[in-house]
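*Asks:* Kindly return the folded structure for what I paste below:
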Amino acid sequence: MTETQPLLEMSNVVKAFGATRALDGVSLRVGAGEVHALIGENGAGKSTLMKILSGAHRPDSGTMSLGGVPYAPKGPREAREAGVAMIYQELALAPHLSVEANIMLGRERVRAGLIRRGEHRRLVREALELLDHPEIQPETEVRDLSVGAQQLVEVARALVSNARVVVFDEPTSSLTEHDAQRLFAIIDRLKRRGLAIVYISHFLEEVRRVAQTYTVIRDGRSVAVGDLADTSIESIIAHMVGRDLDELFPRVPHEAGEPILDLKEVATRISTKPADLVLRRGEIVGIAGLIGAGRTELLRAVFGLDPVVSGRVVVNKVSGGGARPGKRIEQGLGFLSEDRKGEGLALNLPIEENLTCSALGRHTTWGFLRLRRRRNEVRGWMERLRVKARSPLQSVGELSGGNQQKVAIARLLHQRADVLLLDEPTRGIDVGSKSEIYRLIGELAAEGKAVLVVSSYLPELLGICDRIAVMRRGALSDCRPVAEWNEHRVMEVATRG
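*Replies:* Sure thing, here's the model as predicted:
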């Protein structure tokens, strides 16, 4: 292999599913010791391209090579044996098995029908030593590890399989800032070992930290390739969405009105100090903090999904500490779960059923569901939120992440919620969809809705909120105007001993 020849090369890859052309001549080149960012909106074709690389799909046309040798895997196993490792956002680990068992799963060393335990232990020990995280022990059950440590177990699996190409697909979407920094250090180490790394992320600031080169895919085509040092985030975004975004965090004028939600010394099961917070109509308030600090638990308790151990939740001057979700919906509260696929939506059901399920009674007469009236209203919400779908009858699971999130928000608006409790509202969606959701949140505040946002993405909170509070180890700080915060100050409060 010559110095200029990439370790991984995919040229003019085409893939169609029926009449839909998912990839239309995409090319990708990654050199040894290089971190290459693959960037694009949801539905742009990134996942399809990586499924072809990993052997899950076969291309209709185009060529691939690894180390200058033609590469055309017949399936994922053949791709792994050739040296391609995939590390997905949704971790593929067996939680009840040990770290060692997970690392060697599907990679067992066998002689005469017997597993060679000694070789297993040696390989696992070498991989873990390279990661340099002594807290991850071979005998530990994976379910006892943090999400960040589990991610490193996936990396160890790639090392044991002698991977030459490693693909990281949204690896930090569920990680704390500390765990993300640990992962970046591991990626730097893999790069120095000469691996070719493909890095997929919607966090463009993070991409600039990790990668050296990039490819932008839009509508199944490669539209931009280059060095990250020579381009700007604004330019990358313009290539992604096919137009210049006026601004990533559009500011819609809105004005705070009377209080609508008042938390008076509210304690949850993991609180270390009762929380006090007042939310007003026409206001966007953010709650920052590390994963596990208690932010999600507070929102769930307010909505009635988790118990309020002590204190009072006052909605529209009506007090109650332990109301159930049905009662909260009647009071005008709407909750958007951070687990969009597990809790927020029924992926196998159509859009119209997801959008109306929390207020179905509005479309019934004498116990009969008025289907036409419901469908017409659903179409109206889809048009307002610009949900891209064939019809209200399309399964939510077939939509992109951004459009799924819009359906989840539309459900809250359909149920006529005045207070929107949004937990990680833009996790895992592309920058164009994020900008649309930010604008929508601003428009809702302008209409007099009150919005409480939990987010791990600090630029998001600083860009859209009027006030911010920080949760640290179950304690909520004072809520102060956004002008008094910056990323450094937020992290200082979130990580203070």
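*Asks:* separation between P138 and E129?
*Replies:* Counting by Cβ to Cβ, to the nearest Å, the gap between P138 and E129 amounts to 11 Å. Yep, even glycine has a C-beta here, placed from its N, CA and C like the rest.
*Asks:* now A408
*Replies:* Distance of A408 to E129, computed by Cβ to Cβ: 44 Å.
*Asks:* V216 too?
*Replies:* V216 is 37 Å from E129, where distance means Cβ to Cβ.
*Asks:* If you count surrounding residues, which of the two has more?
*Replies:* Each of V216 and E129 had its neighbours counted (other Cβ atoms under 10 Å), and the higher figure belongs to V216 (24 against 11).
*Asks:* and the closest residue to T172 other than its chain neighbours, how many neighbours?
*Replies:* For T172, ignoring the flanking residues on the chain, the nearest one in space by Cβ to Cβ, 6 or more residues apart in numbering is A180 at 4.3 Å. Burial of A180 is recorded as 21 neighbouring residues (other Cβ under 10 Å).
*Asks:* my guess is A180 is in a strand, correct?
*Replies:* No - when classified by DSSP: H, G, I helix; E, B strand; the rest coil, A180 is found to be helix rather than part of a strand.
*Asks:* OK, contacts around it?
*Replies:* A180 sits next to 148, 172, 206 when contact means Cβ atoms under 8 Å, 6 or more residues apart in numbering.
*Asks:* Low-confidence ranges, the protein, go.
*Replies:* Along the chain, segments meeting pLDDT under 70 span 1-4, 89-91, 108, 110, 112-113, 173-176, 243-247, 320-322, 496-497.
*Asks:* Identify the structural domains in it and state their residue ranges.
*Replies:* 8-241, 259-495 (automatic domain parsing).
*Asks:* who's in contact with G242?
*Replies:* G242 makes contact with 218-219, 223, according to Cβ under 8 Å, 6+ apart.
*Asks:* Of the residues you listed, which is the most crowded?
*Replies:* With neighbours set by other Cβ under 10 Å, the maximum within these is found at R218, which has 19 neighbours.
*Asks:* any idea how far R340 is from the residue nearest the centre of the chain?
*Replies:* Centroid check for the chain by Cα atoms, centre = their mean gives G428 as the closest residue, at 2.6 Å. Going from G428 to R340 by Cβ to Cβ gives 8 Å.
*Asks:* any common contacting residues for the two?
*Replies:* With Cβ under 8 Å, 6+ apart, G428 and R340 have common neighbours G401.
*Asks:* quick revisit: and what about the residue nearest to the centre of the chain, helix, strand or coil?
*Replies:* Remark: G428 carries the secondary structure label coil [criterion: three-state DSSP].
*Asks:* and it, backbone torsions?
*Replies:* The phi/psi pair for G428 (degrees, to the nearest 10) reads phi 80, psi 20.
*Asks:* Isn't it up against E170?
*Replies:* Yes - counting by Cβ atoms under 8 Å, G428 touches E170, with 6.3 Å between them.
*Asks:* which residues sit against stretch 389-400?
*Replies:* For stretch 389-400, using Cβ under 8 Å, 6+ apart, the contacting residues are 41-43, 345-352, 354-355, 375, 378-379, 382, 387-388, 403-404, 407, 429-430, 433.
*Asks:* at 10 Å instead, please
*Replies:* Outside of stretch 389-400, the residues within contact range by Cβ atoms under 10 Å, 6 or more residues apart in numbering are 41-44, 340-341, 344-356, 374-379, 381-382, 387-388, 403-408, 429-430, 433.
*Asks:* Is there a quick PyMOL command that grabs whichever of these are buried?
*Replies:* A single PyMOL command is used to select the members of the contacts of stretch 389-400 judged buried by 16 or more other Cβ atoms under 10 Å:
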select buried, resi 41+42+43+44+340+344+345+350+351+352+353+354+355+356+374+375+377+378+381+382+387+403+404+405+406+407+408+429+430+433
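*Asks:* Can you tell me the closest non-neighbouring residue to L53?
*Replies:* With Cβ to Cβ, 6+ apart as the measure, V84 is the residue that lies nearest to L53, at 6.1 Å, once sequence neighbours are left out.
*Asks:* Show me which of the contacts of A180 is closest to V278.
*Replies:* The shortest approach to V278 among the contacts of A180 belongs to T172, at 32.9 Å (Cβ to Cβ).
*Asks:* State the number of residues packed around that closest one.
*Replies:* By other Cβ under 10 Å, 21 other residues sit near T172.
*Asks:* Next, the contact list for it, please.
*Replies:* Neighbouring residues of T172 by Cβ under 10 Å, 6+ apart: 89, 148, 151, 179-181, 183-184, 201, 203, 206, 210, 456.
*Asks:* Out of those, which sit inside helices?
*Replies:* For the contacts of T172, the ones inside helices are 148, 151, 179-181, 183-184, 206, 210, with DSSP state H as the criterion.
*Asks:* which one of these is nearest R29?
*Replies:* So of the ones in helices among the contacts of T172, ranked by how close each gets to R29 (Cβ to Cβ), first place is V210, at 17.8 Å.
*Asks:* if I pick that closest one, what's in contact with it?
*Replies:* Under the criterion of Cβ under 10 Å, 6+ apart, the contact partners of V210 comprise 35, 37, 168, 171-172, 180, 183-184, 187-188, 191, 197, 199, 201, 203, 228.
*Asks:* now do 7 Å
*Replies:* The neighbours of V210, taking Cβ atoms under 7 Å, 6 or more residues apart in numbering as the test, are 35, 184, 187, 199.
*Asks:* The second one contacts R209, doesn't it?
*Replies:* Yes - if you go by Cβ atoms under 7 Å, F184 and R209 touch, sitting 6.5 Å apart.
*Asks:* one step back: out of the ones in helices among the contacts of T172, which end up buried?
*Replies:* A residue is treated as buried here by neighbour count (16+ other Cβ under 10 Å); on that basis the buried members of the ones in helices among the contacts of T172 are 148, 151, 179-180, 183-184, 206, 210.
*Asks:* Please determine how far the closest residue to L349 other than its chain neighbours is located from M382.
*Replies:* Closest residue in space to L349, ignoring its immediate chain neighbours: V396 at 6.5 Å, by Cβ to Cβ, 6+ apart. V396 is 12 Å from M382, where distance means Cβ to Cβ.
*Asks:* all helices of the stretch 201-350 of the chain, in order?
*Replies:* Per DSSP state H, counting those that start in this stretch, the stretch 201-350 of the chain has helices spanning 204-210, 233-241, 295-303, 325-331. These are given in chain order.
*Asks:* among the ones you listed, which is nearest I441?
*Replies:* Of all the helices of the stretch 201-350 of the chain, helix 295-303 comes closest under Cβ to Cβ, at 15.4 Å.
*Asks:* what's the spacing between the residue nearest to the centre of the chain and E154?
*Replies:* Plainly put, G428 is 17 Å away from E154 if you go by Cβ to Cβ.
*Asks:* do K327 as well
*Replies:* 42 Å.
*Asks:* which residues sit in contact with I351?
*Replies:* Residues in contact with I351 (Cβ under 7 Å, 6+ apart) are 378, 382, 389, 392, 394, 396, 407.
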